[in-house]
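Participant: this one's sequence-less:
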């Protein structure tokens, strides 16, 4: 017996191939963004390395993965009548592994016109002493409210499931990256923060403190979800990864690209998740 990671679609196509590798001690449902995405073999994902950690510990667990790279929490919530709710009705899970919120922050910083999103447009503005001053408080307040509302809907769907009303949910806490021109998949995707900062003409000297401030806000949102909802736990993974070097454009420190860990980084995070799930 060994642990298995498989997408929901692959499992439904050939459940007998997976079941032959059981019985499994525990079964998990993974939902969320690229940190959970089972298809992200080129850059790695948390479930991929978590299964390796389970095997290293001699544990036999199954992770059914329905996550998608680039997912925002709003898109997850809007489509939860599909895969998410459907799977919750099929079987009892020992936990839901969930990663969301990071893309929402990045989209709010990068996608709107300069000065109309999460960040101020700094062209012609005096240089503040702290990069966090580039955040627009009113936009941050709206973003946090929207995230809380959509996450509450995800938890409610879990609690409304007859088979999984008591199933715990485990939340990913993103570590703090380095804003840099380091896209993913040979330049096909990203960079993310880098584009947002350049678009809003934020001086590079402000990038480190701005990024730390933004990711403190993301971590506060995730911690707030855990505090507000019974049976929801934030896995303590922040502050674990070696930062990438400023100005680097490829894998550096524990980061493969601007916002995703490399193999060394994932291997640092997987044991923390395995401990939380034990």
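Facilitator: Here it is on my side, so go on. Everything numeric here is computed off the predicted structure, so don't read it as measured data.
Participant: identify the residues contacting residue 118.
Facilitator: 105, 108, 109, 112, 135, 136, 139, 140, 143, 214 (CB atoms under 8 Å, 6 or more residues apart in numbering). Where you see a C-beta, it was placed from the backbone N, CA and C, and this is true even at glycine.
Participant: can you get me a residue count around the last one?
Facilitator: If I follow you right, that is residue 214. Neighbour count of residue 214, defined by other CB atoms under 10 Å: 27.
Participant: before we move on, what about the one 4 residues further on?
Facilitator: By the measure other CB under 10 Å, the count of residues near residue 218 is 20.
Participant: isn't it right up against residue 174?
Facilitator: Yes: here residue 218 reaches residue 174: they are 5.8 Å apart, a contact under CB atoms under 8 Å.
Participant: which residues are in contact with each of the two?
Facilitator: 101, 102.
Participant: please pull up the helix or strand immediately following the helix or strand hosting residue 18.
Facilitator: Assigning secondary structure by DSSP states H and E places residue 18 in helix 15-19. Moving toward the C-terminus from helix 15-19, the next helix or strand (DSSP H and E) is strand 26-32.
Participant: from the contact counts, what lies against that next one?
Facilitator: Applying 3 or more CB pairs under 8 Å, 6 or more residues apart in numbering; DSSP states H and E, one finds that strand 26-32 makes contact with strand 61-65, helix 83-90, strand 95-99.
Participant: any idea how far the second one is from the chain center?
Facilitator: So the one you mean is helix 83-90. 20 Å (CA atoms, centre = their mean, to the nearest Å).
Participant: and the contacts of that helix?
Facilitator: 8, 29, 31, 64, 66, 76, 93, 154, 157-158, 161-164.
Participant: and stretch 245-261, by the same measure?
Facilitator: So stretch 245-261 is contacted by 34-35, 40, 43-44, 102, 106, 174-175, 177-184, 190-194, 207-208, 241-244, 262-265, 268-269 (CB under 8 Å, 6+ apart).
Participant: now a PyMOL select for only the buried ones of the residues you listed.
Facilitator: The buried subset of these, as determined by 16 or more other CB atoms under 10 Å, is captured in PyMOL by this line:
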select buried, resi 34+35+40+43+44+102+106+174+175+177+178+179+180+181+182+183+184+190+191+192+193+194+207+241+244+262+265+268+269
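Participant: nearest to residue 230 among the contacts of residue 118?
Facilitator: Distance ranking of those against residue 230, using CB to CB, places residue 143 first at 24.6 Å.
Participant: related to what we said a few turns ago, so of the contacts of residue 118, which two are at opposite extremes in space?
Facilitator: Spanning the widest gap among the contacts of residue 118 are 112 and 214, at 15.1 Å by CB to CB.
Participant: related to what we said a few turns ago, a markdown table for the contacts of helix 83-90, including distance to residue 14 and pLDDT?
Facilitator: A markdown table is the format used below for the contacts of helix 83-90 (distance: CB to CB, whole Å; pLDDT from 0 to 100):
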| residue | distance to residue 14 | pLDDT |
| --- | --- | --- |
| 8 | 12 | 92 |
| 29 | 18 | 97 |
| 31 | 21 | 92 |
| 64 | 13 | 95 |
| 66 | 16 | 91 |
| 76 | 26 | 61 |
| 93 | 20 | 98 |
| 154 | 28 | 92 |
| 157 | 27 | 93 |
| 158 | 27 | 96 |
| 161 | 25 | 95 |
| 162 | 27 | 95 |
| 163 | 23 | 97 |
| 164 | 24 | 98 |
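Participant: now render the residues you listed as CSV, adding secondary structure.
Facilitator: Below are these laid out as CSV (DSSP: H, G, I helix; E, B strand; the rest coil):
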residue, secondary structure
8, helix
29, strand
31, strand
64, strand
66, coil
76, helix
93, coil
154, helix
157, helix
158, helix
161, coil
162, coil
163, coil
164, coil
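Participant: out of these, flag the one nearest to residue 124.
Facilitator: Using CB to CB, those come closest to residue 124 at residue 76, 38.4 Å.
Participant: which members of the contacts of helix 83-90 are the farthest-apart pair?
Facilitator: Taking CB to CB, no two of these sit farther apart than 76 and 162, at 21.5 Å.
Participant: more neighbours: the two, which one.
Facilitator: Legend: neighbour count by other CB under 10 Å for residue 76 and residue 162, higher for residue 76 (26 against 8).
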